[in-house]
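>>> Have a look; sequence and predicted model below, questions after that.
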Amino acid sequence: AQLLDDTWLVALVPLQADASIGRVPSEWKSSTAPDKVRAEVIKLVTERLTSKGALGYVESRRSAGWSVWAEPVRTGSGPVLGALAVARPANANWLDRETSVIRVFASMCGATWAKSSAEYQKSLEELVVTVARRLMPTTAASFQETMDWTLRTVAEFVAADVAFLRRNDHMAGLSLLVAEYPKREVIPDPDPLGAFPFEGDPMFSSAKDLKEPLIIRESDAHENYNDAVKDGGGVGEFSGAVVPLVNGEVTEGSLGFLHFRAVEWTTPEINALQAVASMLVQLNARLEAEGRLSYMALHDDLTGLPNR
């Protein structure tokens, strides 16, 4: 409504409402709009959806004093699931840039519905199972390769532009980069993202003892962290999600995914990221235990010297 002049109504109309996945009708109405415009527009759009499908159309009812432009809402290349309709005074002109705005937002609505669908949630479960199978045989020798694969696999699934896995070194007071996606072709020396002091920026300070998932946007993030991301990766605007790697009362690190655009994260997606983070914590614990057992088997308990 803020992007389009003289807007009376913006309505998201699903062909079949399904509250379980967030596919429900919603609308915004201007205080200057006629009282009947909401009901009349939604009725018209619903009829067109049922009879013809929404294919991007203009419907004018000058006797009613308004006109409406509607764009179809789809999940990818799938069938039409609803429409995003904008109503304005009948004498308003529809410019190409304005209809393009409606089309873009209709596509965003479709993407949100797709991420909430049962099929998408099932694919999230399959992602977690796939990662679990890859982590099970991991050894100290294959650790870095597995971390790179895990980060890349999850990042590509959630369509992240950038992803990272960081380890917290509480003794040194540093957040250390373990893996990144994609790997930067040119890494500054020193790398501003390689080792960052917890106290050097409030964002890293909060990640030090983070216990719950954190949704971040550039406007919400701290200025120094914004600068570090831009210096290290050469990017501008971003948004994303960070989940902590928690072992008991200790936050061992963080797993983060960034987009160079505004993205809304669903609860199933956050749950899947938390599951992956939990498996990484278990892997670290297993490798540390195996390392201690190997050391004990090869060294004298009393002196710590290697066995002959």
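Alright, I've got the coordinates. Just so it is clear, the structure is predicted and the values come from calculations on it, not from any experiment.

>>> can you tell me which residues contact the closest residue to Thr150 other than its chain neighbours?
Distances taken as C-beta to C-beta, 6 or more residues apart in numbering put Val131 closest to Thr150, at 5.7 Å, once the chain neighbours are dropped. Yep, even glycine has a C-beta here, placed from its N, CA and C like the rest. By C-beta atoms under 8 Å, 6 or more residues apart in numbering, the residues touching Val131 are Thr150, Thr153, Val154, Val276, Met279.

>>> between those, which is nearest Arg103?
Val154 (30.2 Å; C-beta to C-beta).

>>> Find the nearest non-adjacent residue to that closest one, please.
Val276 (6.0 Å).

>>> Let's verify the one you found: helix, strand, or coil?
helix (DSSP: H, G, I helix; E, B strand; the rest coil).

>>> Could you tell me how far it is located from Glu145?
17 Å (C-beta to C-beta, to the nearest Å).

>>> re earlier: if I read this right, the residue nearest to Val154 contacts Leu255, doesn't it?
Yes - judged on C-beta atoms under 8 Å, Val276 makes contact with Leu255 at a distance of 6.7 Å.

>>> Those two: which is more packed in?
Leu255 (24 against 21; other C-beta atoms under 10 Å).

>>> The more buried one looks like it's in a strand, true?
Yes - assessed with three-state DSSP, Leu255 lies in a strand.

>>> please renumber so the chain begins at 351
I'll keep to 351 as the first residue from here, and by that count the last item is Leu605.

>>> Run through the residues that contact Val391.
Leu359, Ala361, Trp416, Val418, Ala435, Ala437.

>>> Which helix or which strand is home to Met449?
Actually, residue 449 is Thr rather than Met. In the assignment (DSSP states H and E), Thr449 maps to helix 446-466.

>>> Return that helix as CSV; C-alpha atoms alone will do.
The C-alpha trace of helix 446-466 is given here as CSV (Å, rounded to 0.1, in the frame of the first residue of the first chain):
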residue,chain,number,x,y,z
ASP,A,446,3.7,-0.6,-15.5
ARG,A,447,6.0,-0.2,-12.5
GLU,A,448,2.9,-0.4,-10.2
THR,A,449,1.6,-3.6,-11.7
SER,A,450,5.2,-5.0,-11.5
VAL,A,451,5.2,-4.3,-7.8
ILE,A,452,2.0,-6.3,-7.4
ARG,A,453,3.4,-9.1,-9.5
VAL,A,454,6.6,-9.2,-7.3
PHE,A,455,4.7,-9.3,-4.1
ALA,A,456,2.4,-12.0,-5.4
SER,A,457,5.4,-14.1,-6.1
MET,A,458,6.7,-13.5,-2.6
CYS,A,459,3.4,-14.6,-1.2
GLY,A,460,3.6,-17.8,-3.3
ALA,A,461,7.1,-18.5,-2.0
THR,A,462,5.9,-18.1,1.6
TRP,A,463,3.0,-20.5,1.0
ALA,A,464,5.4,-23.0,-0.6
LYS,A,465,7.7,-23.0,2.4
SER,A,466,4.7,-23.7,4.6
